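1. no sequence on this one, just coordinates:
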């Protein structure tokens, strides 16, 4: 949520520093890498991610096994690549759920008049009292653990943040000079809404979604790590970390590399989100 | 006779030049060879439009031109200390001690999170190592000196809790804390109401009377003419003319100076162009009169029709807003008429209810009582659905033209959209015609408003308002954000359009000079009421209400060559 | 506010499939007899109408009774009371450390040159992107396993707190530092900075007396959220460092579907969050009177 808070500031034109060009290029390169890993993981893999070789268990990183091998001798690098699709799918779906719900709530609050605004505002406040992962835990306690529940849980717990930002955007745009100018020209409500309010209020959603995906990946992995999301031996990053935790004293590579992918993904989405926000900001 | 408090010879400031770094560009010189001398007990004014380098000059005199600035001077003596190639430490001994700085708009020039007592006490603490208590006591004295009401209370207030005039006084007090021999004031009165403006200028004048040298920087010749002994005119970083105030105003030699003087609308009669560089002064009076009497002429015909209804009329309008627990009566029982081809000027200080009237006239807000009528027909009582089709008959031009454009749209799209709203064909030819009308090059249609200058943006806003061929134009502070010469050109354009189309205009401004130049009739507002209403010439020459009289008295006006530059 | 949280939680719990009686008897796998289930339902009042159960719960809450744990059969209030202090200590310490780190980083980065700024931005970005669970494992691997400086498991010694606190503080410091740096740079470009310089203020004085105040404002506002974020982070951190606390209790209860405990913990966290929000609101008003003014306007 906090990065959403930050990005919200950026969106409002109080621009955050634009990331350096090199950073943006690197981020785009990593996105390309992730895309290939998702669509055609075999292009990047050096071994079968599921092939067990007990005699090669716990090998540290080497030329043959870039990220080392796990307790069953499986190639960690290939498993990390294999896990990209699942991890990203969870992250993207959770963001989609959060955004959709946020749009609904924020839209109702921002466009629906005073009573709706008040009601949604209170509901949102209540939801904010379940900070971070707590709402997700609550949802999991109700529906039971598993990757699908975890996705929904992360999505639902990000929704209030989106809703608040979307409402703010709608309110700002609604009271803007150009909306008033359109009314003075004699345009009808529907046209003003379609031509001015929605496009301008929703333009920042691209930025929010980009930033949100990284956050959702982290949260979903955290749930998997706690054994409440995707379960080992599924090659999902959080689950891999969780499985490797047992061997942290002897085989650090089991936890470090999947975690590194999560960190890189988050940094990438943040850098890209900021670059987009800076571009938007420059136009305002 | 002691040496001048400020002596500058050949001051140059350049930005962006750095030969050492890769991709270095040539330095851009924004100040070129400026000479300046300020004697103790005198006031020197630097005048120029935005971008002329006057603010950079002021900052360079305190070593504050910025880290990227390259400052050079043959002579740079501030408060009798040579500050050529001075170190930061040396500069700090000048700042606050040798020279005080007053910036425009104290809302952002005083730290909003600190009390003004702390802000005023800062120089004492920094340079005299005074204790908190002593600095606070001195701050109260200084607030008394600048005429701050209730100094013992206001000393613990922060800038956001004070009115604009009080803030500006506090800012001046902080510059005066150590009684510096030189006071540099950069646009100290911009954005202030005229009454406050006059008092702030009075404070600067008092400082000069006490023996300080005052360097006043302003875009407004009228402001400067009240207290400056000497005027320096800056254009694109260079001094184009300098001399005693009366001489410069009375017999300007340089075209830039002339343009600046002519752009001041105060005493230019109605209908006479303000921009002579583009067009010769029209002997416009008869033309305008003809246009104005057009409706009257029709009544002299053989079958006199009943007198036409005013294009826009407000009858007994009231509007109040709930603010927190209380209620603000923004407009109370206001009535007005705007005839075809005529302008009603609405003038008053900020918060007097002018903008609320504009919103009522445009039916953006519904009056609590009273009625707005458009061309004799009900306007404000209509349901919005019925009003929508008639909205093309009334256009609006705002102060913030840029904010009234959708940030995603090009100029062409903005104008096409306005044509669609007026049920006209949104063709390229129609867009071009609109741009021609407001004298903007037609290639602007493809551009984003960001790529246009402030004056051009305002012209686009006017073109948009004209798209529906309206009978009435409501202009709310349309030129307040513009430079004097740009303002003059926009005013001339509005005049021309009124003449060509017989527009009825409701013209709102805080600037008495602009109102006087533009209006046939004038209404003066105060606290939501019209306190005086009448023929413009009559109101300005023989004001009946004290509010009007005070506005006129406080309004800066060019002391054209009468030699009395003094301020009273 | 708390009432709303309790209501929402209550109905959410009762609107989804899953029989609490099952959970009380040891979860779905316990194959409890029908008689046992009925007995439990009667004991816990689960056979009464929903509205009655709801009112009963509110009545209990009003008197500070959070009910009994399904799994441990002990009062939830006692359970939480025993764990609260540990988690709050952890969260507050982490908040303080994060503030110190963030202020240091922001002060340094705004006075550094271009390269320093870029480095600071990189540090902040990376720190903010670090997930707790990964940072904790890496910290353990480095400081406990390899260097042997600090214990990998929380104990009663202060040294046992270092790694958990750092794990929670570093990502938060990343967030806060980004926010503060942005605010400080913004403040340094404001006209009041020019005014202060023109009075002879030093660059360091500007930073400490002016810019830092402006930077603190949004960071204070974020601290209410931060406490919630830290407590939810405690779920992970307490688990990894085997440190007793609310977070671990919550996770256990989640796994066992021990509804009263989950509701109890969530309520307590909500209470802490609300208290913290009120507190940050008061602090930011003290720093900036404009907030109160805006509300009046």
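-> Arrived safely, thanks for sending. Everything numeric in this text was worked out from a predicted model, so none of it was measured.
2. secondary structure element for whichever residue of the stretch 151-297 of chain C sits closest to chain A?
-> Proximity of the stretch 151-297 of chain C to chain A (C-beta to the nearest C-beta) peaks at residue C:228, 2.4 Å away. C-beta: built from backbone N, CA, C; applies to glycine. According to DSSP states H and E, residue C:228 maps onto helix C:212-240.
3. now the angle from the next helix or strand after that helix to helix C:212-240?
-> As assigned by DSSP H and E, the chain's next helix or strand after helix C:212-240 is helix C:246-256. Inter-element angle recorded for helix C:246-256 and helix C:212-240: 50 degrees (by axes from the mean of the first three to the mean of the last three C-alpha atoms, to 10 degrees).
4. quick one: is helix C:246-256 near chain A?
-> Yes. Looking at helix C:246-256 against chain A by C-beta under 8 Å from any C-beta of the partner chain, the contacts come from C:250-251, C:253-255.
5. For residue 176, which residues are in contact?
-> In the absence of a named chain, chain A is used. A:196, A:200, B:403 (C-beta atoms under 8 Å, 6 or more residues apart in numbering or on different chains).
6. sorry, should have said chain C
-> Residue C:176 sits in contact with C:98-99, C:101-102, C:219, C:222, C:226, where contact means C-beta under 8 Å, 6+ apart.
7. And residue B:420, by the same measure?
-> Residue B:420 touches residue B:426, counting by C-beta under 8 Å, 6+ apart.
8. Roughly how far does it sit from residue B:270?
-> 36 Å (C-beta to C-beta, to the nearest Å).
9. ok, back up a step: where is pLDDT lowest across the contacts of residue C:176?
-> Lowest pLDDT among the contacts of residue C:176: residue C:222, with 79.
10. Residue C:283 versus that one, what's the distance?
-> With C-beta to C-beta as the criterion, residue C:222 and residue C:283 are 12 Å apart.
11. just residue C:140 next, same as before
-> Distance from residue C:140 to residue C:283, by C-beta to C-beta: 35 Å.
12. Quick check on those two: which one has the bigger neighbour count.
-> Taking neighbours as other C-beta atoms under 10 Å in any protein chain shown, residue C:140 and residue C:283 compare with residue C:140 leading, 24 against 16.
13. What does the closest residue to residue B:123 other than its chain neighbours show for phi and psi?
-> Nearest non-adjacent residue to residue B:123, counting by C-beta to C-beta, 6 or more residues apart in numbering or on different chains: residue B:96, 3.9 Å away. The phi/psi pair for residue B:96 (degrees, to the nearest 10) reads phi 90, psi -30.
14. Residue B:96: neighbouring residues, count only.
-> 26.
15. list the contacts for it?
-> B:122-123, B:126-127, B:177-178, B:180, C:198-200.
16. Could you check the pLDDT of it?
-> Predicted confidence (pLDDT) for residue B:96: 87.
17. Distance check, the closest residue to residue B:156 other than its chain neighbours against residue B:203.
-> Leaving aside its sequence neighbours, residue B:156 sits nearest to residue B:115 (C-beta to C-beta, 6+ apart; 5.1 Å). Distance of residue B:115 to residue B:203, given as C-beta to C-beta: 21 Å.
18. swap in residue B:43?
-> Where residue B:203 is concerned, residue B:43 sits at a distance of 12 Å (C-beta to C-beta).
19. cool, and residue B:110?
-> Remark: distance between residue B:110 and residue B:203 (C-beta to C-beta) = 16 Å.
20. So which residues of the stretch 1-150 of chain C form helices?
-> C:2-15, C:20-24, C:34-44, C:50-62, C:76-111, C:114-129, C:132-139 (DSSP state H, counting those that start in this stretch).
21. worst average pLDDT in the ones you listed?
-> helix C:20-24 (a mean of 57).
22. How about the secondary structure of the closest residue to residue B:519 other than its chain neighbours?
-> With C-beta to C-beta, 6+ apart as the criterion, residue B:519 has its nearest non-adjacent residue at 3.0 Å, and that residue is residue B:345. Secondary structure for residue B:345, judged by DSSP: H, G, I helix; E, B strand; the rest coil, is strand.
23. wait, doesn't residue B:345 sit right on residue B:510?
-> No. Shown here, residue B:345 and residue B:510 do not form a contact pair, counting by C-beta atoms under 8 Å, at 11.2 Å.
24. Those two - which one has more neighbours?
-> Counted by other C-beta under 10 Å, residue B:345 and residue B:510 do not tie: residue B:345 has more neighbours, with 24 against 20.
25. That one and residue B:522: what is the separation?
-> 5 Å.
26. For residue B:180, see how far away residue B:174 is.
-> In terms of C-beta to C-beta, residue B:174 sits 11 Å off from residue B:180.
27. which residues are common contacts for the two?
-> Taking C-beta under 8 Å, 6+ apart as the contact rule, residue B:174 and residue B:180 both touch residue B:100.
28. More neighbours: which of the two?
-> Shown here are residue B:174 and residue B:180; by other C-beta under 10 Å, residue B:174 has more neighbours (33 against 25).
29. and that one, that's in a helix?
-> Yes. Under three-state DSSP, residue B:174 sits within a helix.
30. Can you read off the pLDDT for the nearest residue to it once chain neighbours are set aside?
-> Once flanking residues are discounted, residue B:174 sits nearest to residue B:120: 4.4 Å by C-beta to C-beta, 6+ apart. At residue B:120, the pLDDT value in this model is 91.
31. show me the contacts for residue B:120.
-> Residue B:120 neighbours (C-beta under 8 Å, 6+ apart): B:135, B:138-139, B:142-143, B:155, B:170, B:173-174, B:177.
32. of those, closest to chain C?
-> For the contacts of residue B:120, the nearest to chain C is residue B:174 (6.6 Å; C-beta to the nearest C-beta).
33. number of nearby residues for residue B:427?
-> Counted with other C-beta under 10 Å, residues neighbouring residue B:427 total 11.
34. Could you list the residues of chain B in contact with chain A?
-> Checking chain B against chain A by C-beta under 8 Å from any C-beta, the hits are B:362, B:364, B:387-392, B:394-396, B:398, B:400, B:403-408, B:417-418, B:421-422, B:448, B:450, B:464, B:467-468.
35. Tell me the residue of chain B that sits nearest chain A?
-> Counting by C-beta to the nearest C-beta, chain B gets nearest to chain A through residue B:391 (3.1 Å).
36. Not counting residues beside it along the chain, what's closest to that residue?
-> residue A:186 (3.1 Å).
37. So that neighbour sits against residue B:385, correct?
-> No. Taking contacts as C-beta under 8 Å, residue A:186 lies outside contact range of residue B:385: 11.0 Å.
38. Show me where the stretch 151-297 of chain C dips below the pLDDT cut-off.
-> C:152, C:154-156, C:289-297 (pLDDT under 70).
39. Repeat that for the stretch 151-284 of chain A.
-> In the stretch 151-284 of chain A, residues with pLDDT under 70: A:280-284.
40. Show me what counts as buried in stretch B:308-323.
-> B:310-315, B:317-320 (16 or more other C-beta atoms under 10 Å in any protein chain shown).
41. returning to what we had before: got any residues that touch both of residue B:345 and residue B:522?
-> B:515-516, B:536.
42. Could I get the phi/psi values of the residue of chain A found nearest chain B?
-> Closest residue of chain A to chain B, C-beta to the nearest C-beta: residue A:186 (3.1 Å). Phi and psi for residue A:186, reported as degrees, to the nearest 10, are phi 100, psi 20.
43. where does the stretch 151-284 of chain A come near chain C, residue by residue?
-> So the stretch 151-284 of chain A meets chain C at A:214, A:218, A:221-222, A:225-228, A:238, A:241, A:245, A:248-249, A:252, A:255-256, A:259, A:262-263, A:266-267, A:270-271 (C-beta under 8 Å from any C-beta).
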